[in-house]
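[1] Sequence first, then the predicted structure, then my questions.
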Amino acid sequence: MTFTTLAFLSRKPGMTPEEFRNYYSGSHLPWYRELVGSLFSVRHTQHYIHRTEASPNNDTTQRNPSTPATIFLGSQAEFDYDVVATLEYKDKAAFEALCEFVQQPDIAAEIAADEERFLDRSQTRMVLVGEKIEMNL
């Protein structure tokens, strides 16, 4: 059974959603995958929040004053992050091995230095996913 987490990531101030996406997908992830090698998740899926240009009718936030999320239910403040990344690992032991590796002081410093280029690290959140039910109706 896989061990799955969701990471909620926000771009650093002054960076556009496109710049964030390009750096995260095009630079950070390939670099990180090489750094951690076989410890990388077996599946890494990115779900980017759809953002549009602000109009007078848009509710905006300080983080996203000109690029509000397309909200169907809820508020802008509840969707102020930029991507939800689903990280699936073979099992809990694989996740724990990755955690042990990336928490080594020299490795953690390398990761933090790269994340400072594109992430507002103070806004990063991660949660363990429980039971997964798929329905095809």
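    Nice, I can see it. Numbering: from 1, shown residues only.

[2] count of residues packed around the nearest residue to residue 118 once chain neighbours are set aside?
    Closest residue to residue 118 apart from its sequence neighbours, by C-beta to C-beta, 6 or more residues apart in numbering: residue 23 at 4.3 Å. For the C-beta atoms, the positions are set from N, CA and C on the backbone; glycine is no exception. Counted with other C-beta atoms under 10 Å, the neighbours of residue 23 add up to 18.

[3] Residue 23: what's it in contact with?
    By C-beta atoms under 8 Å, 6 or more residues apart in numbering, the contact set of residue 23 is 15, 117, 118.

[4] now do residue 75
    residue 59.

[5] tell me the pLDDT at it?
    The model reports residue 75 with a pLDDT of 90.

[6] One more: the one 4 residues further on?
    At residue 79, the predicted lDDT confidence score is 93.

[7] My guess is it contacts residue 71. True?
    Yes: with contact defined as C-beta atoms under 8 Å, residue 79 reaches residue 71; the gap is 6.2 Å.

[8] between the two, who's got more neighbours?
    Neighbour comparison, residue 79 and residue 71: the larger count goes to residue 79, with 19 against 14 (by other C-beta under 10 Å).
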